[in-house]
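1. Only the shape, not the letters, is given here:
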């Protein structure tokens, strides 16, 4: 926090180009070269290999005793998509959804039950605490899961480790359970983000109390924007998880559905959490406004007290600084009504007394008004 | 931005005249002369011709091997409507809806399944970035699509090009797919608008940070108004698309429905997007208020510091500018209590010392309060 | 706008008296003497006659070849209600609803299908742009429509004219179509009102920009209040129209239902419109607040610049207006440390130089802070 | 209004004690001694008698030709509840609900159809315009209605009178109709309250316009709090009435249900009314804020105009009050550069001219800025 | 209240660690050593014993004439969970939910109807009025209830006492009734909290009226945060209670369901209550803002009145303090236009008169503006 420019100005304007032909996916110019990892596993064994392409996918997945996870990062290779298109008879609309990274989280079911398509969004803080918002696409078919990631940034490591170790249901649950495990880790990452912002909001509240400044407003609004972004993701994520729980597709096992309920519960908690944080952010903004007003009051009080006390006194001093003449300079006649006070033996002292009384009266008045508190 | 008058004051008060007879459509005096283009196409061939009228429509569409798209811009010719009325037995309410351009997006189905009527709204920035809001009406019957546009402003060009080239499903999908393609391009145009406003809001946030001024408020409100307008369109658009997806009408093919789901997804994203932008706009307004308050604080601090330091000093100077006399002018008697300080050898220096101490005390006080930060 | 008191202070507190016996209608003391017009019409003929009472209603409506419209303004005659009670067996609750003019728009169906009872509310601007809110009640039975209006203010004129001319469906559609035509004209009148307020809000925004004053707040709030009133009417109106569309009653023809859908669409647009205007009104209020703050900033800047520049200068002038004596008046000894500047040959000039430097420094400081913009 | 402390600080924290055993009703220590009135009536006759207890309730209600209304105010006598428990086999939970006066309006149906239990809340302004919120409980069984009121405050008088007079359906409709009549009078009383607050809000708006002061805020908030309270009652009241309309219980006659719809309509209007008043209250608060800001602007304008004009003039006067000497007091040499203006023949006049020009320039400047409006 | 730091900064960021394997519960390092109490009871007898473990649970619960309540505080012993896992075949997801204390209130039903799992949240004020938010988990099987508490803080005491005394249904109702009794006491505790905050909000409103200060904002926001927390608990609690009422599980008796409706009603009241308090808190914040503005107005009025009156007077005094010379010091010529007023016999008196008139005019002006009120 405390940089000179508002942060979290992440690009949220990743939108389709009007008039492009749907289903004709295009590889983005900035797409990264794919890194493909194939995890082959069953209850007892586990193997990991790096692939350079998936052209021979039929060979790769032919052994029906294993489950397969194609873990693909980077989308620059059109061959991958053509291969999938041929192998799984995947709709071109799906391929377009994978390559155009502006999809909301969703589950698409297809009649033939050959595969399911799902989208999650991976949110994380990149360099300079910029909120990054990557798309993760899933193609789930029998015994095979394919995941696509836009960038090399990655939150799958814990899942890979669990897969390697084989603890829990991860190797037993089939491909749909693996998909659950990945979706769960993505959703749980949202908690980490919210936690981070929650603590920042608390820190801002402390700064508000200690030494409010104008950056507080910008920092709070930046967090609010991030919360808006995450909420835009969390709501459809919730719907997607609910769709998975309620689907009739044979590709999702009952075990997976039971666990998906858990992820669904987390997602609801995330939405609750977001709303709470938004309310806290709004409260901070309200408080900032109130504190600014209070400080203005304090400043004005100082000005008013000093001015109100000294301006009348200065006036009195001004009076006795006037040069009304005691004597007509031409005739030399005494003008006894012109400022006789100046010639009274204790005029000066009395002036001080009068000034003191005026000042004291004002001080008492302000004191009573509670302005010195 | 930065013009002298609020912009985006588009006419959104396009409303029916109370008491007019429904179903008796009236051609608006400002209606434009129609430009009619007939696109005749099937999987293999494509022909485009300009028509001056559609009186012989039966002739034009008689070949059952082709699909027809009557692309009509400008609504000034009542003959068109009478012809349609006779040919398709179209309800006069529909004709009224086409000519009166204040309809929300909607789908009207009719019992006989001879035709469907739909309305989309084309939003775009016209001259001076004024938001224009044109009505586009669709009459879809078997193998024939008729589109009506109020003005010559046009967003159909990409569709026409795709139709000419014949890439993708555009020539295969039938008339309902063509209608989808047009609706999709209209909806995707909303993204372009939102993108534009999103960037303007970001620019406003930067201006807020760098040199806030009162135009920020007007510019933000202008964008907010545009967002209100687009939201008024996007909600019923979503309902319309949903109606199309769920209709039983044989005029909408299953392929079209699959693709309409895509447009529907986009429409939901648009609504999300609008809400986010509205929140960002509100945040900008809040920040503007806060910044204005902060600047006031700064201004007041300068005033208070200068006034508080110099007013008391001026008072002291005023004191020793008084003319209390050391000597009774008549008796010549010395009045020793009148301002003896003036005659002390170092009175002047001591005055400076006292003034310096007072000023320093105040500076320290203000420093401690953090007013110099 | 611009009157000295808030307008639109219409009486919206027209409420039932607790504890009165339901079904015992009471004629309000301010009720107007009824003016009764009977319109007798069928497809070919049309006759209009003024009646002084409807006691012989059975005679009046006996010819089954005609439709009848009793168009009653003013509710002061209990005979009318007794006659209706006897003729149509109308529930006393209905009679109470007609005479007590605080009903929301609604449709009441009765088991026997002899008649339907409906309420609309006619909103219009009366003298001094006060929003008037009259109740219009409908009793629809076979071939007969009876309408009741509280006041002589009237929006039925276009319908009467269409009835007389016989253009469109108005004479063909039966009594339910006539009821539709009247309800439609009432609803369309809401557009006129909203249009009026929309333009006033635009005018207020212009005033905001040009010369904001405190009346803006009152005028905006007055419009907001009117919007609240119209929204209170539009929501149940929508429900009523929906009820009419969905009713099973044989009294409502299918043709009427088709047209009612049109009125229903208008009603939805009205609700949209109200929400938009409310948001614009709120935006105006926000802007007013912001502009007030900005003007305060400007005022304070002027004060601060003038004060900050001249107060220190005045202090310096005050210093050299002090009368520290160069000479001990008694001993005549020179006091060289008392204000030697006064006796320097160029003391006065140097004073001006110092003052000029101070003023310049401050001007540069304020310039840099952007206070002169 | 205008008292020194916020009003309407009614106790809304009437809550259950955690951990008490449900169904074990406890008589509150502050409960009032019961006053029991038995109304015995049928279509033709009516009798009213005061009872000291209801121990012999079986005797009292044995004649099947009559309906009975036990009208009980004050809940201090546990015998009443034991008697009811024995006679009607009433659930102890119901007895607890009657004695613990924090229930929301509700309808409780029991399987055996022997009785229904309902709760209404009677809102009224007590001493000092404090909003009182009493519970009224109903036990409805065949031919018998028992009502319980916490306090002697009463809104049943109109019903009792109608019962005595026998006008309308009150004696014909059975016990459920009597219950309706009472509930209706309770709901209609809410209108009276809202009317009262509506007028107070109007009065506050007038005060805002004429002479805003800080009490406006407190008064408005007090009304808002009352509105919150009444809304907390009106929503469940609406649900209760709806439950009564839809119940299958034979204890509620069809006639009663028809009339309940009327009360239900009133309740919806009340909720509408509350929302409108809340919006008006919020508008008043907004306006207050705006007016306060405007007044600040006015105050600051006066200060700025006076200060800006006179501070520079005083500075000039200060200049020519300096004592730079024309003569070196020691050498007697003339110092011609020290304030030669003082010795110019028209120096004084020119000073006035310069001052006048400065003042005029500022007045013109402020005039142009519109500060004198 | 009134401490130097915002309170209620309770940890609400108790969230899952992304990527942990679900169903593999982990004992938190800070988990407390379990204290296990077994309550064995039926209608006639009651026995309480402390256990050190539940390894022999089959022995403990074998007598089918009794109900059993395992009342477990502290979760540090994994043996407990393993025992339960073996005995009841409890899902590992449940065990995980018990040990990870971030669950929302919920009811989990399992197919086999062997047990139900439920979560409640115990909210209470701990040291320094910090809001604590503990999880309480329930496993309900036939004749046996097991409750788990994170900490030793406890609200079950009233239930234990009722169980010991045996008053009411507590021993008759079976294990599900006991679960109800505990849930009810938890929910009723929310009332106590809300009551506490309600009174604090009232106290804050009084402080607002008497001597507003900046801590009011922090205190109000702290309460608002607590309300947000409790609302996050109350909404799912309501859903949970509703699920219990509607479940088909044989483990929940009809008697329990009847009573659960009562708890459900309380929960709805709590949600109402929270909303009311939130509105009151917001009102306090609005009022604070308004009061701050009003005080600023007052301060500015004092400053403006004093400055406006005395600055012009000081200017006049300054004028006559100028030293324009009556005599050319060199030629000795009289300069009659230089300040002749100084030599008028009543110049001084007239000066006072003019000053008095100016001051009086301003006082009248300010009086009329109502600035002295």
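-> Yes, it's here. Every value quoted in this text rests on a predicted model; they were computed, and no experiment measured them. Numbers count the residues shown, from 1 in each chain, chains lettered A, B, ... in the order given.
2. going forward, measure contacts and count neighbours with C-alpha atoms only.
-> Fine.
3. gap between the residue of chain A positioned farthest from its centre and chain C?
-> In terms of distance from the mean C-alpha position of chain A, residue A:331 ranks first, at 87.6 Å (Cα atoms, centre = their mean). Going from residue A:331 to chain C by Cα to the nearest Cα, to the nearest Å gives 26 Å.
4. Next: residue A:167.
-> According to Cα to the nearest Cα, residue A:167 stands 56 Å off from chain C.
5. mind listing the helices for chain A?
-> Counting by DSSP state H, chain A has helices at residues A:57-60, A:78-88, A:92-99, A:157-165, A:174-210, A:215-246, A:254-319, A:347-368.
6. Now do the fifth one against helix A:157-165, angle only.
-> Spelled out, that is helix A:174-210. Orientation check (axes from the mean of the first three to the mean of the last three Cα atoms, to 10 degrees): helix A:174-210 against helix A:157-165 gives 140 degrees.
7. now the longest one
-> Comparing the axes of helix A:254-319 and helix A:157-165 via the same axes, to 10 degrees yields an angle of 150 degrees.
8. Equivalent analysis for the last one, please.
-> Here helix A:347-368 runs at 40 degrees with respect to helix A:157-165, directions being taken by the same axes, to 10 degrees.
9. What's the local residue count around the residue of chain A found nearest chain B?
-> Chain A approaches chain B most closely through residue A:321 (3.9 Å), counting by Cα to the nearest Cα. Using other Cα atoms under 10 Å in any protein chain shown, the number of residues around residue A:321 comes to 27.
10. Could you give the number of residues near the closest residue to it other than its chain neighbours?
-> Excluding its sequence neighbours, the residue lying closest to residue A:321 (Cα to Cα, 6 or more residues apart in numbering or on different chains) is residue B:322, at 3.9 Å. Neighbour count for residue B:322, taken as other Cα under 10 Å: 23.
11. how about residue B:322, what does it touch?
-> For residue B:322, the contacting residues are A:317, A:318, A:319, A:320, A:321, A:322, C:322, C:323, by Cα atoms under 8 Å, 6 or more residues apart in numbering or on different chains.
12. Same list (these) but as JSON lines, adding pLDDT and distance to residue A:277.
-> Shown next, in JSON lines, are those (pLDDT from 0 to 100; distance: Cα to Cα, whole Å):
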{"residue": "A:317", "pLDDT": "93", "distance to residue A:277": "59"}
{"residue": "A:318", "pLDDT": "93", "distance to residue A:277": "60"}
{"residue": "A:319", "pLDDT": "92", "distance to residue A:277": "62"}
{"residue": "A:320", "pLDDT": "93", "distance to residue A:277": "64"}
{"residue": "A:321", "pLDDT": "92", "distance to residue A:277": "64"}
{"residue": "A:322", "pLDDT": "92", "distance to residue A:277": "66"}
{"residue": "C:322", "pLDDT": "92", "distance to residue A:277": "63"}
{"residue": "C:323", "pLDDT": "90", "distance to residue A:277": "67"}
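13. show me what contacts residue A:313?
-> A:355, A:358, A:359, B:315.
14. of those, closest to chain E?
-> Among the contacts of residue A:313, residue B:315 lies closest to chain E (Cα to the nearest Cα), at 11.1 Å.
15. Quick check: that closest one touching residue A:310?
-> Yes: if you go by Cα atoms under 8 Å, residue B:315 and residue A:310 touch, sitting 6.6 Å apart.
16. For the stretch 151-300 of chain A, list the residues in contact with chain E, please.
-> A:158-159, A:162, A:167-168, A:181, A:184-189, A:191-192, A:195, A:198, A:209, A:259, A:269, A:272, A:276, A:280, A:283, A:287, A:290-291, A:293-294, A:297, A:300 (Cα under 8 Å from any Cα of the partner chain).
17. Now, of those residues, which are buried?
-> A:158-159, A:162, A:181, A:184-189, A:191-192, A:195, A:198, A:209, A:259, A:269, A:272, A:276, A:280, A:283, A:287, A:290-291, A:293-294, A:297, A:300 (16 or more other Cα atoms under 10 Å in any protein chain shown).
18. re the thing from before, output the helices of chain A in a markdown table, with distance to residue D:27 appended to each entry.
-> Output for the helices of chain A, formatted as a markdown table (distance: least, Cα to Cα, whole Å):
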| stretch | distance to residue D:27 |
| --- | --- |
| helix A:57-60 | 79 |
| helix A:78-88 | 74 |
| helix A:92-99 | 68 |
| helix A:157-165 | 61 |
| helix A:174-210 | 47 |
| helix A:215-246 | 49 |
| helix A:254-319 | 41 |
| helix A:347-368 | 50 |
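19. Any part of stretch A:356-366 near chain B?
-> No: judged by Cα under 8 Å from any Cα, stretch A:356-366 makes no contact with chain B; its nearest approach is 12.1 Å.
20. And the contacts of that stretch?
-> By Cα under 8 Å, 6+ apart, the surrounding residues in contact with stretch A:356-366 are A:305, A:308, A:309, A:310, A:313, A:372.
21. Okay, the spatially most central residue of chain A and residue A:197: tell me how far apart.
-> By Cα atoms, centre = their mean, chain A has its centre lying nearest to residue A:226, at 2.2 Å. Separation of residue A:226 from residue A:197 (Cα to Cα, to the nearest Å): 9 Å.
22. cool, residue A:242 as well?
-> 27 Å.
23. wait, the residue of chain A closest to chain B sits on residue B:317?
-> No: contact criterion Cα under 8 Å: residue A:321 and residue B:317 do not qualify, at 10.4 Å.
24. Pop the domain breakdown of chain A in here.
-> Using automatic domain parsing, the domain parsing of chain A gives A:35-291, A:296-368.
25. what's the span of the longest one, first residue to last?
-> What it means is domain A:35-291. By Cα to Cα, the extent of domain A:35-291 from end to end equals 53 Å.
26. quick one: that domain near chain D?
-> No: Domain A:35-291 lies out of reach of chain D by Cα under 8 Å from any Cα, never closer than 13.5 Å.
27. sorry, back to before: let me see the contact set for the residue of chain A closest to chain B.
-> Under the criterion of Cα under 8 Å, 6+ apart, the neighbours of residue A:321 are B:318, B:321, B:322, B:323, E:317, E:318, E:320, E:321.
28. rerun at 7 Å
-> Residue A:321 makes contact with B:321, B:322, B:323, E:321, according to Cα atoms under 7 Å, 6 or more residues apart in numbering or on different chains.
29. do residue A:338 as well
-> Contacts of residue A:338 (Cα under 7 Å, 6+ apart): A:324, A:325, A:326, E:345, E:346, E:347, E:348.
30. Which of those are buried? Put it as a ChimeraX command.
-> A single ChimeraX command selects the buried members of the contacts of residue A:338 (16+ other Cα under 10 Å):
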select /A:324,325,326 /E:345,346,347,348
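31. Quick one: the contacts of residue A:338 as TSV, columns for pLDDT and distance to residue C:148 too.
-> Below are these laid out as TSV (pLDDT from 0 to 100; distance: Cα to Cα, whole Å):
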residue	pLDDT	distance to residue C:148
A:324	89	88
A:325	86	91
A:326	84	93
E:345	87	89
E:346	89	85
E:347	89	84
E:348	92	83
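32. In chain A, which residue sits closest to chain E?
-> Nearest residue of chain A to chain E: residue A:322, at 3.9 Å (Cα to the nearest Cα).
33. what's the distance between that residue and residue B:324?
-> For residue A:322 relative to residue B:324 (Cα to Cα), the value is 10 Å.
34. Same question for residue A:141.
-> Residue A:141 is 106 Å from residue B:324, by Cα to Cα.
35. How about residue A:163?
-> 99 Å.
36. Report pLDDT for the residue nearest to residue A:237 when sequence neighbours are not counted.
-> Nearest in space to residue A:237, with sequence neighbours left out and distances taken as Cα to Cα, 6+ apart, is residue A:105 at 5.2 Å. As predicted, residue A:105 sits at a pLDDT of 92.
37. Equivalent analysis for residue A:121, please.
-> Value listed for residue A:121 in the pLDDT field: 93.
38. What's opposite it in the beta bridge?
-> residue A:135 (DSSP bridges).
39. who's in contact with it?
-> A:105, A:133, A:134, A:135, A:136, A:233.
40. again, only using 10 Å
-> The contact partners of residue A:121, by Cα atoms under 10 Å, 6 or more residues apart in numbering or on different chains, come to A:101-106, A:132-137, A:149, A:183, A:186-187, A:230, A:233-234, A:237.
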